[in-house]
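[1] got a sequence here, can you model it:
(2 chains)
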Amino acid sequence: MAVDQKDRRKERIDRGIKVRSDGVYAISSWLEISYLVAPRLLFIVGLLAAPILLLPVPYWQKVLSIICIYSLLAISFDFLANYVGLVSLGGGFYIGVGAYVAALLNMKFNIPIFVTIPVATVVGAAICTVVFLPCLPLRGVYFAIVSLMFPLLAARVIEALDIFGGTDGIVGVDGFSSTWIEQYLLIIAVLAAVFFLRRMITEDVGLVFSGVKDNDQAVKASGINITKYKALGIFVASSLGCFGGAVLSHIYMWAGLSQFALDFSIIPIAATVIGGGGTLIGPVIGCLILVPVSELLRDFGTLRIAVYAIVLTLFIVYKSEGIMVYASRKYEQFERWVSI
Amino acid sequence: MSDQPLLTVDNISKTFGGVAALSMVSLEVNRGDIVGIIGPNGSGKTTLVNSISGFVKPDRGKVIFNGHDITGWDPHKIADKGLTRTFQVMRPYYSLPAFKNLIIPLFSPRAKRTGGWRGGGKMGSRDTVALDILEEIGFERDSYVPYKMASSLPTGYLKRLELARCLALRPELIICDEVFSGLSMSEMASMLPLIEKLQMEGISLIMVEHRLRELFRLSNRVIVLNFGCKIAEGVSSEVMELKEVKEAYFGSEEEVLEYV
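    Next up, the predicted model:
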């Protein structure tokens, strides 16, 4: 008998295996262990195998590097927005600072590539943190607006003062000796970032971050300096971006104004929306979808922005929770209709 | 040092736009005291609390706590010196279980120094310390209550959680902003001995209250505010008999007669 739409609702119930594998008892059975490990393993092995699978198509191997750099930015955006409470549109600034620091160290002081990247990560993150410091009392959309200003400002300052090579940028930066090193460096960085941040947010310091996000007055009353923790959050997030920027400048063998481009600020947000905010892995999945789509549409010129907008709109309207949240719900729960 | 008052508030004033929320209010709290602050709605009680705890910067006047001039300090620095407060509108971390709410104050520099409530300067596992504090404050340890999400706890437990958050810092002075409001009679009855216990532990308290009966059982000295001014101070039973206080609450005799 057909039940009227109004008289029923969807009921979600945790799968038995999800419940059984919740605690330490999961280690009692291989089935439960594999239930826990399988999705994580799929993600790790899939990413690690990607350069080998893409061996026949070198062009897409290059795209994979770009995907990883956008993924790092998207992870940092997700972390800042959903765990520290700062909606930062400064992705372009992180990339640009990392790229310029790495390129300057390499060109001016002849420092080899395997030193410039870690130094650019730390020094670049320190620069980003100091620059963002005055804006940290701002919240919500006000912080977002100011953070969007920094990449624009940095590019115009470099252009106007004609420093660091001006509009030409810094040309002739060392490249990677092989694409394997380049790709595995980035892939391992993405995996490390995801699992490091996932661990951090469940530690006690992660609870302080979530306190800063939800209830900053109570954190202040607990004798904790919230500006310090916001700055720490910016440091962690911008170090991911600066690492990406440093690698990018070595891939292109060039650091220029286009590394402050707004793409680096906007695409990570779109990827986070599509992949699912607050999951940290979701943004990576979002980048794995969005960046190839944008490459495929390259032939259409500026029309790809329109396609992009349509994809994003469809996601926001029909699956606003994001792929990762949807998938993990399907994995952990089953649904059934019950009449009421 | 010890014969000095723990907290001295010296003639503080605060205006919001053209409204004088506080004008020239002074008070002193000695070690081990429970001082009550009462007054009708809008009389400046919460502004006074905010000015002492740093959430509002007073325009004029001085706040001296334990020998430090803390006027205009940031709230976290004041809390670090051992002056903590609860909020009138409870502010737990709703997305966390009750005991995880205490991890955040236990993570503060002061708690790390003092070892948390009763800690001997060194803290073991923060989770254990948090459960210990909650047990003392009335969360039954072996029940599921400390593990419940803060969003699903009833008001009585949330008020206790606010106090527990202060205790985690091992404070010297706690400012309680209406801990009794919104509680049932039985919840209040179990809250009273808790506060008496804190006093016996050597913690001084400032209690902002509307529940006068409960307040007068606890505190030996009350301060009455009206329109931002201190209109009376003294032993609780005597203060309520003063003409100014009665007028503040019920209106002056002429006004009352007009309505009759």
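[2] show me where the stretch 151-300 of chain A has its strands.
    A:170-171, A:254-255 (DSSP state E, counting those that start in this stretch).
[3] correction: the stretch 1-150 of chain A
    Going by DSSP E, counting those that start in this stretch, the stretch 1-150 of chain A shows strands at A:8-14.
[4] low-confidence ranges in the chain?
    Since no chain was named, I'll use chain A. Along chain A, the model assigns pLDDT under 70 to residues A:1-5.
[5] switch to chain B, please.
    Chain B contains residues with pLDDT under 70 at B:1-3, B:116-124, B:256, B:259-260.
[6] tell me which parts of it are close to chain A?
    B:53, B:55, B:74-77, B:79-80, B:84-85, B:87, B:91-96, B:100, B:103-111, B:126, B:165-166, B:168-169 (C-beta under 8 Å from any C-beta of the partner chain). Bear in mind the C-beta positions are built from the backbone N, C-alpha and C, glycine included.
[7] how many neighbours does residue 160 have?
    I'll assume chain A. If you count neighbours by other C-beta atoms under 10 Å in any protein chain shown, A:Ala160 ends up with 9.
[8] try again with chain B
    25.
[9] same deal with B:Gln4?
    Every residue meeting other C-beta under 10 Å relative to B:Gln4 is counted, giving 13.
[10] for it, list the residues it contacts.
    When contacts are counted by C-beta atoms under 8 Å, 6 or more residues apart in numbering or on different chains, B:Gln4 is found next to B:Gly67.
[11] so it, which state does it fall into?
    Look at B:Gln4: counting by DSSP: H, G, I helix; E, B strand; the rest coil, its state is coil.
[12] just name the most buried of the strands of the stretch 151-300 of chain A.
    strand A:254-255 (a mean of 24; mean count of other C-beta atoms under 10 Å in any protein chain shown).
[13] in the longest helix belonging to chain B, which residues are buried?
    With DSSP state H setting the assignment, residue counts place helix B:185-200 as the longest helix in chain B. When burial is assessed from 16 or more other C-beta atoms under 10 Å in any protein chain shown, helix B:185-200 yields the following buried residues: B:Glu187, B:Met188, B:Met191, B:Ile195, B:Leu198.
[14] what residues does it touch?
    Contacts with helix B:185-200, where a contact means C-beta under 8 Å, 6+ apart, come from B:32, B:34, B:137-138, B:155-156, B:159-160, B:163, B:167, B:174, B:176, B:179-180, B:183, B:205, B:207, B:211, B:214, B:217-218.
[15] and the residues you listed, which are buried?
    Buried subset of the contacts of helix B:185-200 (neighbour count, 16+ other C-beta under 10 Å): B:34, B:137-138, B:156, B:159-160, B:163, B:167, B:174, B:176, B:179-180, B:183, B:205, B:207, B:211, B:214, B:218.
[16] mind checking which of those are in helices?
    Reading helices off the buried ones among the contacts of helix B:185-200 with DSSP H, I get B:Gly156, B:Lys159, B:Arg160, B:Leu163, B:Leu167, B:Glu214, B:Leu218.
[17] from those, which two are the most distant?
    B:Leu167 and B:Glu214 (19.8 Å; C-beta to C-beta).
[18] hmm, B:Ile70 is touching B:Gly54, no?
    Yes: contact criterion C-beta atoms under 8 Å: B:Ile70 and B:Gly54 qualify, at 7.1 Å.
[19] so the two - more neighbours on which side?
    B:Gly54 (23 against 20).
[20] for the more buried one, give me its contacts.
    B:Ile70, B:Gly72, B:Trp73, B:Asp74, B:Pro75, B:Lys77, B:Ile78.
[21] rerun at 10 Å
    If you count contacts by C-beta atoms under 10 Å, 6 or more residues apart in numbering or on different chains, B:Gly54 has them with A:220-221, B:63, B:70-79, B:83, B:85.
[22] excluding chain neighbours, what is closest to it?
    Excluding its sequence neighbours, the residue lying closest to B:Gly54 (C-beta to C-beta, 6 or more residues apart in numbering or on different chains) is B:Pro75, at 3.9 Å.
[23] can you check B:Ile64 too?
    Of all residues not flanking B:Ile64 in the chain, B:Thr8 sits nearest, at 4.4 Å (C-beta to C-beta, 6+ apart).
[24] next: B:Gly82.
    Per C-beta to C-beta, 6+ apart, closest to B:Gly82 is B:Glu172, 4.0 Å.
[25] what's the local residue count around the one you found?
    By other C-beta under 10 Å, 17 other residues sit near B:Glu172.
[26] so it sits against B:Leu7, correct?
    Yes: the pair B:Glu172 / B:Leu7 is scored as a contact, 9.0 Å apart, by C-beta atoms under 10 Å.
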